[in-house]
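**Q** quick one, fold the following:
(4 chains)
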Protein chains: 2
Amino acid sequence: MTPTEATDRLLEAAEELFYAHGVQAVGMDAVRARSGVSLKRLYQTFPAKNDLVEAYLRRRDERWRASLREFVHAHGDDPLAVFGWLRNWVAEPGFRGCAFINSFGEFGEPAPGIAAAIREHKDHVRAYLRGLVPDQTIADQLFSLVEGATVLAAITGDPGEASTAREAAKVLLAAQG
Amino acid sequence: MTPTEATDRLLEAAEELFYAHGVQAVGMDAVRARSGVSLKRLYQTFPAKNDLVEAYLRRRDERWRASLREFVHAHGDDPLAVFGWLRNWVAEPGFRGCAFINSFGEFGEPAPGIAAAIREHKDHVRAYLRGLVPDQTIADQLFSLVEGATVLAAITGDPGEASTAREAAKVLLAAQG
DNA sequence: TAGACTAGAGAACGTTCATTCTCCGCACCA
DNA sequence: TGGTGCGGAGAATGAACGTTCTCTAGTCTA
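**A** You can find the predicted model right below:
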């Protein structure tokens, strides 16, 4: 197994487990078992669990935003498409809310790398929305709606939250757009 | 020390510690030290940590909603006052986001009582907002804004998120209200 | 074939922590 | 005064888990 492949399998396993059960609830041995990568290799690749967690978050950030970007782009970069994507996401089986918000909740005082990964994810999403909507204030308002709908959909289990947010976004965009 | 007083001190200590550092990061011994209640008494009062966590959440729910309700009521039950209260809250020193969202993130599979406490808190807040705003859809939209602003203020550390949400709420309320 | 390096399996170590147990002193009662 | 029981302090227990160590087998090289 090449180092690259080991890294991929580790990150894949980490994402599945960390997202589904929470970071703290998943031991390194579970990552080993799921990935099929030996513990020795695991620690050669990620010297500490925190490093694996940070890498998991950074990879998830890239992929999550890529998925959103592609969907919205395929819908003519219409800001409302963000909420269409959101509706799909929160209805997926296994949806458990935003990995970054969940991690923020898990760690009262996160390791610096983890805290940075969380903050930077939100910064990136905000920047993306600002690029989509000329009015920066409205972009930030949509951002709040997205985050709120995500959190509520996770806690209540009702994907309809995304539709509610979409209607609000429509009004906000129409008001000044 | 009377049983009532012991319970109070335990819940007070639990709230300070759990909210500030996260539930998992705080050991029962820290609660004992902070409360001044012996470990034996602690376990007589709350037979397991989960029971203490659930009681902490339920007490926080009551107080948090009471604070919001009183503030908004003092402002003529104007729905926008919710966002004024929010602005104060997120600017408080020690603000670390919503205790319920954080707990949701901490526990991948929470004990049933804890899961219920989290869900019921959100249900109560939603019901309160629906009582404040005749249009149920708009109430739910405001709810999303509140949750989003709370989460973003916690992660970015910027209380300005509450003001952004307030402006959005104003538009939504004006549009159909 | 002998030697040397690699990787994996899994045992071992050390710490943390929830929960329980032990022991001691103090107060109340006859 | 002598006994009885409650409460506290803190040690003990047992499990989980991050991290490291050991042993073994296989593979490549000379």
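**Q** burial of the residue in chain A positioned nearest to DNA strand D, as a residue count?
**A** The minimum distance from chain A to DNA strand D, using CB to the nearest atom of the strand, falls at A:Gly27 (3.1 Å). To be clear about C-beta, it is placed using only N, CA and C from the backbone, and glycine gets the same treatment. Neighbour count for A:Gly27, taken as other CB atoms under 10 Å in any protein chain shown: 11.
**Q** kindly report the same for A:Arg65.
**A** Neighbourhood size, A:Arg65 [other CB under 10 Å]: 15.
**Q** what residue ranges in chain A score low on pLDDT?
**A** The model of chain A has pLDDT under 70 over residues A:177.
**Q** for the longest helix along chain A, which helices and strands make contact with it?
**A** Counting by DSSP state H, the longest helix found in chain A is helix A:49-74. Applying 3 or more CB pairs under 8 Å, 6 or more residues apart in numbering or on different chains; DSSP states H and E, one finds that helix A:49-74 contacts helix A:3-21, helix A:28-35, helix A:81-91, helix A:99-106, helix A:112-132.
**Q** near DNA strand C, which residues of chain A?
**A** A:Met1, A:Val37, A:Ser38, A:Leu39, A:Lys40, A:Arg41 (CB under 7 Å from any atom of the strand).
**Q** ok, now which ones touch the residue of chain A found nearest chain B?
**A** Per CB to the nearest CB, A:Gly105 is where chain A lies closest to chain B, at 2.7 Å. Applying CB atoms under 8 Å, 6 or more residues apart in numbering or on different chains, we find A:Gly105 in contact with B:Gly22, B:Gly97, B:Ile101, B:Asn102, B:Ser103, B:Phe104, B:Gly105, B:Glu106.
**Q** ok, for it, nearest residue in space, not its chain neighbours?
**A** The shortest distance from A:Gly105 to any non-neighbouring residue, by CB to CB, 6 or more residues apart in numbering or on different chains, is to B:Gly105 (2.7 Å).
**Q** how far off centre is the strand or helix carrying A:Gly148?
**A** A:Gly148 belongs to helix A:136-156 when assigned by DSSP states H and E. Centre-to-centre, helix A:136-156 and its host chain are 13 Å apart (CA atoms, centre = their mean, to the nearest Å).
**Q** and the nearest residue to A:Asp29 once chain neighbours are set aside, how many neighbours?
**A** Excluding its sequence neighbours, the residue lying closest to A:Asp29 (CB to CB, 6+ apart) is A:Leu39, at 7.2 Å. By other CB under 10 Å, the residues close to A:Leu39 number 12.
**Q** confirm for me that A:Leu39 is in contact with A:Ala30.
**A** No - contact status for A:Leu39 versus A:Ala30: not in contact, 11.3 Å apart, counting by CB atoms under 8 Å.
**Q** end to end, how far does stretch A:43-52 reach?
**A** Stretch A:43-52 has its terminal residues 9 Å apart, counting by CA to CA, to the nearest Å.
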